[in-house]
Structures are given as C-alpha cells and as structure tokens.
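Chemist: starting from these lines, generate the structure:
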Amino acid sequence: MDFWRDATDLTQRIERYRSLGNQDDILEQAACVVAERVWLGAQPTDSYSPTNEESSRFRNACYLLGWWHFLRYEHAPFEVSDPGELARAIVYLAEFPFEEWTVPADLLTILPGHRADPRVQASVAAGLLRSVQDSGDLTAVEAAIVICSSHGETNPEEEVQLVGLLAVAHRLRFQHTAAGEEDPEDLHLAVEGGELLLTALRPDDPRYVPAVGNLAVAYRLRFGTHRDWEDLRRAIELGESATNAVHPERDDMLADLSTAYDDAYEHTGELSYLHACASSADRALAAFPDDTELLGTLGLKLCYVRQTLFGATRDHAELAGSIEIGLRVVGAAPAGWPEQTSLLLQLSMAGWVLFDCTGAAEDLRRAIELSEQALRATPENSRLPDFILTQFAKCVDTAATDSDTIGMAIEFGERILEVRPSRTVRSKLASTYAWRFLRTGVTRDLDSALRHADQVLAGLTADHPQHAWLTAETAGIHITASESGRRPAHLDSAIEVLERVLADAADALTDHDRAAVKSNLATALVSRARLTGTPEDIASAIDLTDGALRLLAHDDPARAPIVAAQGSAWHARFDVTGNAYDLRKAVRATEQALATGSGPVADRLRLRWLANLAQAYQDLHDTAAGEVDHGRVAALAEQWRSGQTGEPAERMYAGFALGSLTHAMGDHDIAVELLDAAVALLPTTAPRANDWYDNEPRLRNHFGLTEEAVAAHITGSDPRGAVEIAEAGRGVLLSSALDTRSDLTDLAAAQPGLARAFDRSRRQFDAVGAASRPGTWADHQRLLEQIRTTAGFERFLQPPRFTDLRSSVPAGAAVLINSGKHRSDAIIVTGDAEPIVVALPGLRNDGVLFWVASLLGVISDPPSLAGALRRRRVLRDLLAWLWTTTAERVFEALGPPGPEAHRVWWVPTGLLGLFPWHAAGLPGRPGSLDLAVSSYAPTLRVLAHAHSRPVASTRRQLTVALEHTPGLPRLPGTVAEAAHLHASRPGPHMLVDSAATVAAVRAALPATTWAHFACHAVSDFNAPAGGAIHLEDGVITVTDISRLRLRSAELAYLSACSTADRGLGANESINLASAFHLAGFRHVVATLWPLNDTIAAGAARAFYQHLPDGTTADDAALALHRVIRKLRAEHPNRPDLWAGLIHSGP
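Modeler: Residues are numbered from 1 along each chain as shown. Have a look, this model is predicted:
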C-alpha cells in the first residue's frame, strides 16, 4: 500500500471537484476506497510513539480526509445532508489551526477561533448531539465536544448554552462508548458542567428543565460507576423535579427516573423505591401509549418490576399488571425480536402463578393463552418446556375438583399438542376427556378420549420410560368406555392391557403405581363378572386387591380406594354365591374405606363408597334383617346430608341407595327425604346443553329411583307427594324442552322486555348446535333466574305442584302405575278430587322384568311361522298379566262406566311404559278396551301442555308414503294408504317414494297441521333418542323433529314401526311420538312395535273414516279405540296386530 500515491490521488480528486465540480471525484465508490486506504496507510506502528514520518503521514491524512468529508457534506442538499460527514470533517480538521488556509471557510464560524459564532456553534453542536440518539455515532459526540470545548468571545447567554451542550456531549460519549472502554472522566465533566449550567439558568428558563433532566442522567450514570449513594440521591432529586414540570421530553425523564428508582431499590432494598419505579414507568407509558421504542425499553423493565413487587407484597394486581404490560411489549416488538420467547415463557409462568393465587377461571384462561403463545414462539426443534408440562398437569388436577375448568384444561392440552406432540400430554388429555364424559355424558368426549388413548399407544415401545404408566392410563379410558353402557367390548381391552402391564412392565412401576394397576384391574374384572357371572374373575379381583394392599404401608392413604375395590369384589361374589359371609366381608371392607379414606382421591370417591355400602346393607337386610343396625344407617344418611361436595350423579346415586335402604328398613320419613333429594338432582346429571342422545343414557343409569321415591311417598300416606315426585323424576328431558316453549302471554303483559329476551334466548338455544350450547344455556338460565325475581313469577317454569297437575285431567282420569322394589301401586288422578291409591300386590319387579324380556324377545323375532306363533302366545299372556295384576284393580276403583266408557290416560313409570295397558284383558272377557277409551301420556305436564295447545283452524295435510325405501324391505300397502287419505282429504303435499326426501319433508312440516307418515321407522331400544323416520335420501331423527315449533299442529299419524317405543329409558319417553308432541302436534297416533303392513294400512284408513269432518282431531282417541276394537273382533287371537296401536294427547 503506497500512502503518498493514495494521498496524491485523493488530493487531485478534491482539487478537481473544487475547480470543476465533478461530483464523482468525491462521491463515487472509488473515492471511498482511496479515502479508506489513505486513513489505513496513515496509522503508526506504535500510536504512543510515532516516528516523524508516521506523524507527517497522519497529519496529511487528517487534512485530506477533513476536506473530503466536508465537501461530501457540502455537496448534499441541506435537507438530506449527513451530519456524520460534517462531524468527521470537524474531528479530522481539529488537528490544525482553525485558519482560512487550513480549513474550509464555512467551518470557521463553527470551529473554535476568532471567527467562531457561538450561536452557530450551539446550533451545529445541538444538531450533532440529536443525531447521536438515532445513529449512536460517537464521531458526532466528538465533534460536538470539539465545537464546545473552546470558543471566542461570547456573552453569558451564549456561554451558558455551550456549557450545557458540552455537559450533554460528555454524558453521551460515556453512554455510547463500548462497554469496558468508557472514561469516567466524561461523567465528572458532565456533572460539573451540568451543575454550572443550573446555577446560570433561572427556573423559568425553558432550558432549565432539560438541563435538570440531563444532569439527573449524568448523576445516575456516575452512581453506576462509583456506587456513591449521594450521586443516586441527587439523580432522584433532580429527576423528580424535572418530571413535575410539563415538558416535551418528560417521557424520557420519567423513564430515566424510573431507572433511578430501580437502582435505589437494588442499593437499599426499600420497597418504596420499587413502587416509585413502577409509578414513574406507568406515567411515562400512559403519556405516550403509541411510542413503541419507549414501550420496548421501559415496558420490559416495568414488567419485571411488577413481578418483583408481587414477590414482595403478594398483591395480585401487581402480577396482573406485569402480564398486561408484558403482552403490550410483545405486541409492539418487531418481527424476530430475540427476547420474545423468553418474555412469553416468563409471562406464562406469571399467569400460572396468578391463577394459583386467585383460582379464578378468567385467570386460568389467561394462563393457558399465555402458555400457547409461549409454545408457538419456541423453536420447533426445542423440547417442550418442563413448566408447561407441570402447569398442564396442574390444570388437569384443578379440573378434577373444579368441573367448571375442565373445558379449559382440555383446550390447553389440545393447544399443546397442536404445537408440540407429547405422549404424556396426550395421555392426560385422554383422561381429562374421559372425566368430562363421566360428568356430562357427551359421547364425543368419550370418542376423543379413546382417539387420544389409541394415539398414545401407537408406536409405544416396551423400553419407553413411561410405558407402564401410559399403558395403565389408557386402560382406564377403556374401562370408562365399557361402563358407559354402549361399549362393553372395551372392558376386555382394558383387562388385557392391565394384565400385560403387570406381566411385562411391573418392575418399571413404583409400589404405589403397581398397587394402583392391580386395583384398577380388579375393578375391571369385577365389572366383567357382573356382566358374565364368571366366578374366576371375582376370585382374581380379590387376589389382586390383596396383593395391592401388601405393597402399601398400613397408614398409606392410597389403601382406602383399594379396600373399597375389594369390598366391591366380595359383594360381586355374594351376587354369584348368595353366601352371607361374602356380603359381611363386603360391608366390613367398605366401612373401613369410609373410615380411613383421606385426601383428594378419597374425597372424590366417598359418595360412591357410601352408595356401595348402602347397597351391601340392603342385600344384608334382605338376607339377614336383624344384622343391619338402624342407628348406623341413620348415621350414613346424616353423612350424606352433611357432605355437599361431589359430582351430582354420584351424590344422587348415593342418595338413591340410602333412600332405598331406609325405605326397606321402615324408616319412611328418612327414605322420603333422601329419595326426594336424589330425584331433585336428576336434572343436574343431564346437562341441558347436551343432546338427548347423550343425556338419555345418563338418566337411564338411575333406573328405579323415581319408582322407589313414589313408593316411599305412598308408604308414608302421601299420594299427592307421590304424584309430584313422579312428575319431577320422569320426562326430565321433555320437561327441559317444554321449559323453552312455554306460553309467555302473562309474562309479556307484566314484563314485556323480559318476555322478549326470554323468547329470543330460547329460540337461540334451539337454533345452535350442541357444541355451542353450554354458553347459550347458561345465559338462558341467568335470564330465568331474573324472571323468577319478578312478583307473580316466582314459580315460572318450576316443577308443577299437585294442584297444577290435576288440571291436566279436566275430564276422565289419569292412571299413574308404579312398581318399586318393595311395593307397587296405581294412583288415580282426576281434576276434582284427591288422588286415589290402588295397591297392586301382584305387580312385582321380577314379574315386570320377565315380561319386558319376553315382549322384547318376540317383537324382535325375525319373520317366521314359529316367531309369529310365539308372538301371539306371549302377547296374549302379557295382556292377561297386565289385567290381573293391575288393570282389573284400577277399573274396580274407577267403578262401572256410565253410558260411555271411561276416559283414561295411562301414565306408567319406568319399564311399565313398554306395555299396552289399553289392551289389558283376559281372552274372551271384558278388559281395558271394553271399559275405557285410552290414551297415553309420558307425564301429566306433557298432557297439560297438549291440552293447552291451540286447536287448528285449518287442515293442511302432509302425507308421506314410501313403498320403496333404499336398503329396506318393500311396504306395498303404504302408497295405497296414502292415496286413499289424499283422495278424501286433498292437500298440496303428498310426498311419495322418490319425492319424499328429507328436504321436502322439512320444507313442508312448518305449514302442516295434519301429518301422516306411512313408511319405515327405526327405534333403538338402548338409545331411543337415535330413533328416526326413513325417507328417500336419509332420515329425520327424533332430535330433528323435537326442535320444530309448529303453531297449530293438530294430528300426526305415524303408521310406521315402533314409533312409540320408549326403550330402556322408559321414564324419559324419548321416541318419535313424543318428539311430534314436542314439535306442537296435539294428538299423535303411533305404535309400540312393528305392525303388519296390510293391517297398518287398513287401520289408518278406518281411523280417518271414524274421525268427524273438521279441522280438529279431538275425537282421535275414540276413533282409534273403535279401530282397535274392530281389529280385535276380527283377530281375537292376534293381539300383535292390534294391541300395539296407541294414542297420546288430550
């Protein structure tokens, strides 16, 4: 590198530009390269002792570079000129006397010397210092120091200004020098100059406040280097003074004061300084909410300060404030900000700490959202942060005791899996879905639990460190699925999995975990034994619980659940052997579990143990009555009363078991109290936000509760109470639906605003899908509570009382038939008298179960001669049994009919709803068909609703008939049936075969007042809510129909198979017939079982012939009665052809 050649080149470029004005000489890249080589070539070997030659080169380089930078600065237009070029020119030329022959003439007013102009100097220095804020270029600071360090003649005003600028320049030079290379002398000069400036300025001088602020910063920085408390005290004093005034730079001053307070807290530990720090930062950010740069620096500091304040004060507001400001910082940060991930993780942890403190659902939701943001910001190849796993586990644990948060726990787990797959998280998520299924019964939750459980096991190798635990958790999901009543095959899967864990991976488990696996396997084996009666499973379960108990210390709280499981195994063995020894062992084990159980798990299971113990005592009472102590049973009842925790379903189940026990032991008052309380819990076990399909099995799980409560009231000589409790415990889903359809005329007159809001709410509830219903129903319930605070509406949509119920029978009698464990009765309800109890000693539960099984067996027989003969015999004998045990006694109580037959509505409870009471009788002798015109009602409330519906003013007929339905047998009589009806009652809608589509029927129904369906229908005995009418291109389900709101619907004739079949959930009466009632039809004709196609067509034709002309169908019951009697006369030995037709309605 030849310095002098490069220097000559640069000299020539400068001269050419000055003489010819060729800008390329100084601006092109080649000029920059030459200038850089000149500077590098001028550097001495030893900067502390350069040779004369090196000094000469250096001075020449400074001279040339000073001129070159000045010319570049001068060439640019004023508005875009680079102050850095000017600063470098000044710094380079500072090596020379500031005379005309050495420096550009335009610099003589800027640089110190006899031609310097202090006003120009101040202006240029201030501009250079301002540029430092944006560029951080120390050259600008050096240039400002050169300008302000010495000056010519000035007046005091000008001198004050230059002194102030020099103080700022020294402070900025310290701040912008690389760490470790700062010169503390700069701060001394900054402080000294700043103090001189303050003494020279008046407080009302506009330069006074900025000077105070700058001096405060200098003192704070000097404290950082020397740790002299007086410096920091002075910084705070000055900062407080500066920020008390209104000034454009107040936000910067507040920010610096906040830093000073923070330093004071670190130095002294006094919390007041930290509070002051947060307050100053809040004021600064509030004054400039859109200043993203300020937010990024001061906001981040404030976030951590508030966390520190929370740690010191435990004030939740501080932590919440930290999260809020932290999120603002994240939102304002530029893309790729390196601190984003760590800050989000910090905020996520803060969110969980806040939730731990408050337990509030909104804080849990915030914590989950923060964790999701943190996860999304974490690099994909990084491992899942441990604290996220910990907090998800905590969230799941919270959901186990606070069911309101279970949805958020599930949402959190799903969000984690979206970002980072984890078997541990997926396993816990599967268990959480299963837990919510147990609480709400929503089938999709069980499906989600099983889906996640299967994914946990997919690819899981035997050497996985959590293989045993994950496998055992998955088995628990399958047990839950098996116990749901719909998926018993999962029980075998669970048992197989648990046995494999014990066989292959037991050594990987702790004693506690191994004991838990043994206990869970024992529970699964007992469940299978109750289904199959296999004694080997019970013996294995007892051995497993013995082995599990040997693994645990005698004072280990984990023993109680295992002891309880052993009690269940002994009880199951009693069911097989009938040996009272096994039963006594079951009682002792369950008593021990109740007495010794402690901790969250025992608390959650206590109600179940209480129910199991009550059932064991019940069996012991039936086996050896004297062994059961009344005092002990009373104490168990008190334990149930005093414990208000636990899931409603568990609480109800325990109340049912204890109520049944006390009823059997003759403690009738206690029995009524417990059973009524259990019935009152029924609606809570079937969330109204669920579909019928999900809720109906949950209600069926409490089979017999309502019947036992009715029996207890009758035993206590309270027939009114028996009727009321029968209403409360039956038709829960129908009543819930009716609550959203009640007439609002009175409410609209008293509170029109509430009436409009309620009508809007219930319409919205009917419109949304199941996934959106929980929030909608919660809003609906809040509105309902508000209405009940209005005078005169305290019982708005409350369960009806007896005086309200008997109004549903303005003429005739409603006959409630009930079969409990210990007694059976009929209750005759009329509109103008007290209820009459008719004891039915011949109607026993074992007989009911026998005839239910027999009936279901014959109506599901495939077509054959043997099946037809068996059906005739069973139905003939069933009708005789119904007469001799029940109907005969009811009609004796009603007395002989007058000129006309009795008008009777049959209201059977439980499985009694599957029987054709209207056709009860002995062959060849007068029976129900001869003594009464019969109808059916699921509940008296539903009957009252049908009575209250307005009658149709016009007859708009919809006729749907399908002879050919894709995939189903041909129905040759249906089209002729429909054609005959249409000929006698022409209407715009006759949909036959291919025209009978789902869309066409749905479009026609809203304007229909009379509907006739002659087609295939399906009913699911195990899940009646799954019933449907088959059309050309699909089905219309029970749920679809129930959601209709038809204003003047009169009659629906369902000439299809099993449209009134109640299934196992008989107390709920969920079927196509009840769905049409709920849709608005006052009268419904339906069938209890499949009918012969030819007979069904003839019956329909005869029914319409018996109906008087007109728009109403109030003679529907009488018309059907005549049709059935005629069919009986024609086919006296074929009750399968006529006993299945029934009418429901007024």
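Chemist: going by C-alpha atoms from here, please, whenever you check contacts or count neighbours.
Modeler: Noted.
Chemist: and stretch 237-250, which residues are buried?
Modeler: Residues 238-240, 242-243, 250 are the ones in stretch 237-250 that count as buried (16 or more other CA atoms under 10 Å).
Chemist: go on, stretch 451-470?
Modeler: 452-454, 456, 466-470.
Chemist: I'd say Arg651 and Arg606 touch.
Modeler: No - checked against CA atoms under 8 Å, the pair Arg651 and Arg606 is beyond contact range at 9.5 Å.
Chemist: more crowded one of the two?
Modeler: Arg606 (27 against 24; other CA atoms under 10 Å).
Chemist: so that one sits against Ala595, correct?
Modeler: No - the pair Arg606 and Ala595 does not pass the contact test of CA under 8 Å, sitting 10.0 Å apart.
Chemist: show me the helices in the stretch 201-350 of the chain, by range?
Modeler: Here the stretch 201-350 of the chain has its helices, by DSSP state H, counting those that start in this stretch, at 208-226, 229-243, 250-268, 271-287, 292-294, 300-313, 316-332, 340-358.
Chemist: so what does the following helix or strand past the last one touch, helix or strand wise?
Modeler: Which is helix 340-358. Downstream of helix 340-358, the next assigned helix or strand under DSSP states H and E is helix 361-377. In terms of contacts (3 or more CA pairs under 8 Å, 6 or more residues apart in numbering; DSSP states H and E), helix 361-377 is packed against helix 340-358, helix 406-419.
Chemist: export these to a markdown table and tack on distance to Pro972 and mean pLDDT?
Modeler: Below are the helices and strands packed on helix 361-377 laid out as a markdown table (distance: least, CA to CA, whole Å; pLDDT from 0 to 100):
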| stretch | distance to Pro972 | mean pLDDT |
| --- | --- | --- |
| helix 340-358 | 67 | 86 |
| helix 406-419 | 52 | 82 |
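Chemist: Leu1120 contacts His1143, correct?
Modeler: Yes - counting by CA under 8 Å, Leu1120 touches His1143, with 7.1 Å between them.
Chemist: for this structure, what helix or strand is lowest in average pLDDT?
Modeler: helix 732-739 (a mean of 58; mean pLDDT, DSSP states H and E).
Chemist: pull the residues that contact stretch 821-833.
Modeler: Stretch 821-833 is contacted from outside by 664, 708, 711, 719, 723, 806-819, 835-841, 843-845, 886, 890, using CA atoms under 8 Å, 6 or more residues apart in numbering.
Chemist: in strands, which of those residues fall?
Modeler: Under the assignment DSSP state E, the contacts of stretch 821-833 contribute 813-819, 836-839 to strands.
Chemist: so is Ser431 in a helix, a strand, or just coil?
Modeler: Three-state assignment for Ser431 (DSSP: H, G, I helix; E, B strand; the rest coil): helix.
Chemist: low pLDDT regions in the stretch 901-1050 of the chain?
Modeler: 982-988, 1020-1025 (pLDDT under 70).
Chemist: can you give me the helices for it?
Modeler: Applying DSSP H, counting those that start in this stretch to the stretch 901-1050 of the chain gives helices spanning 928-931, 940-948, 973-984, 998-1004, 1038-1042.
Chemist: could I get these as CSV with mean neighbour count and distance to Ser19?
Modeler: Listed next are these as CSV, based on neighbours: other CA atoms under 10 Å; distance: least, CA to CA, whole Å:
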stretch, mean neighbour count, distance to Ser19
helix 928-931, 20, 129
helix 940-948, 22, 108
helix 973-984, 18, 111
helix 998-1004, 15, 92
helix 1038-1042, 21, 95
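Chemist: between those helices, which one is nearest to Ala564?
Modeler: Between Ala564 and these, the tightest spacing by CA to CA is seen for helix 1038-1042, at 40.5 Å.
Chemist: now that closest one - C-alpha only, CSV.
Modeler: These are the backbone C-alpha positions of helix 1038-1042, laid out as CSV (Å, rounded to 0.1, in the frame of the first residue of the first chain):
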residue,chain,number,x,y,z
VAL,A,1038,-86.2,-37.7,17.0
THR,A,1039,-84.0,-34.7,17.7
ASP,A,1040,-84.8,-33.1,14.3
ILE,A,1041,-88.5,-33.3,14.9
SER,A,1042,-88.3,-32.2,18.6
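Chemist: next structured bit after it?
Modeler: Downstream of helix 1038-1042, the first helix or strand assigned by DSSP H and E is strand 1051-1055.
Chemist: gap between the helix or strand following that following strand and the chain center?
Modeler: Counting by DSSP H and E, the next helix or strand C-terminal to strand 1051-1055 is helix 1072-1079. The chain centroid and the centroid of helix 1072-1079 are separated by 31 Å under CA atoms, centre = their mean, to the nearest Å.
Chemist: what of stretch 331-344?
Modeler: Distance, centroid of stretch 331-344 to centroid of chain: 29 Å (CA atoms, centre = their mean).
Chemist: next one: stretch 326-345
Modeler: Distance, centroid of stretch 326-345 to centroid of chain: 28 Å (CA atoms, centre = their mean).
Chemist: may I have that stretch as CSV, with CA atoms only?
Modeler: C-alpha atoms of stretch 326-345 as CSV (Å, rounded to 0.1, in the frame of the first residue of the first chain):
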residue,chain,number,x,y,z
GLY,A,326,-45.6,-7.7,29.1
LEU,A,327,-48.2,-8.5,26.4
ARG,A,328,-48.0,-4.9,25.2
VAL,A,329,-44.3,-5.2,24.9
VAL,A,330,-44.7,-8.4,22.9
GLY,A,331,-47.3,-6.9,20.7
ALA,A,332,-45.1,-3.9,19.9
ALA,A,333,-41.9,-5.8,19.3
PRO,A,334,-40.6,-6.1,15.8
ALA,A,335,-40.6,-9.5,14.0
GLY,A,336,-37.7,-11.7,15.1
TRP,A,337,-37.2,-9.9,18.4
PRO,A,338,-34.7,-12.2,20.2
GLU,A,339,-36.3,-11.6,23.7
GLN,A,340,-39.8,-12.6,22.6
THR,A,341,-39.6,-16.3,23.5
SER,A,342,-38.1,-15.8,26.9
LEU,A,343,-40.5,-13.0,27.8
LEU,A,344,-43.5,-15.1,26.8
LEU,A,345,-42.3,-18.0,28.9
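Chemist: heads up, I number from 103, so please use that
Modeler: Yes, from this point I'll number from 103; that puts the last item at stretch 428-447.
Chemist: excluding its own residues, what touches it? List them.
Modeler: 394, 397-398, 401-402, 405, 449, 472-473, 475-476, 479-480.
Chemist: for Ala1221, see how far away the residue nearest to Asp1032 when sequence neighbours are not counted is.
Modeler: Residue nearest to Asp1032 in three dimensions, not counting chain neighbours: Ala1003, with 7.4 Å by CA to CA, 6 or more residues apart in numbering. Noted for Ala1003: a distance of 13 Å to Ala1221, by CA to CA, to the nearest Å.
Chemist: out of the two, which sits in the busier spot?
Modeler: Using other CA under 10 Å as the criterion, Ala1003 and Ala1221 rank with Ala1221 on top: 20 against 17.
Chemist: the more buried one against Ala1202, yeah?
Modeler: No - look at Ala1221 against Ala1202 with CA under 8 Å: they stay out of range, at 10.3 Å.
Chemist: report the rounded mean pLDDT for stretch 312-332.
Modeler: Averaging pLDDT along stretch 312-332 gives 91.
Chemist: okay, the helices and strands packed on helix 463-479 in CSV with mean neighbour count and distance to Glu332 next?
Modeler: Converted to CSV, the helices and strands packed on helix 463-479 look like this (neighbours: other CA under 10 Å; distance: least, CA to CA, whole Å):
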stretch, mean neighbour count, distance to Glu332
helix 442-460, 20, 34
helix 508-521, 20, 52
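Chemist: can you list these in CSV and add distance to Val243?
Modeler: Shown next, in CSV, are those (distance: least, CA to CA, whole Å):
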stretch, distance to Val243
helix 442-460, 33
helix 508-521, 49
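Chemist: what about those, which gets the closest to Leu1073?
Modeler: Comparing the helices and strands packed on helix 463-479 by CA to CA, helix 508-521 comes nearest, at 47.9 Å.
Chemist: report the angle between the closest one and helix 463-479.
Modeler: Orientation check (axes from the mean of the first three to the mean of the last three CA atoms, to 10 degrees): helix 508-521 against helix 463-479 gives 0 degrees.
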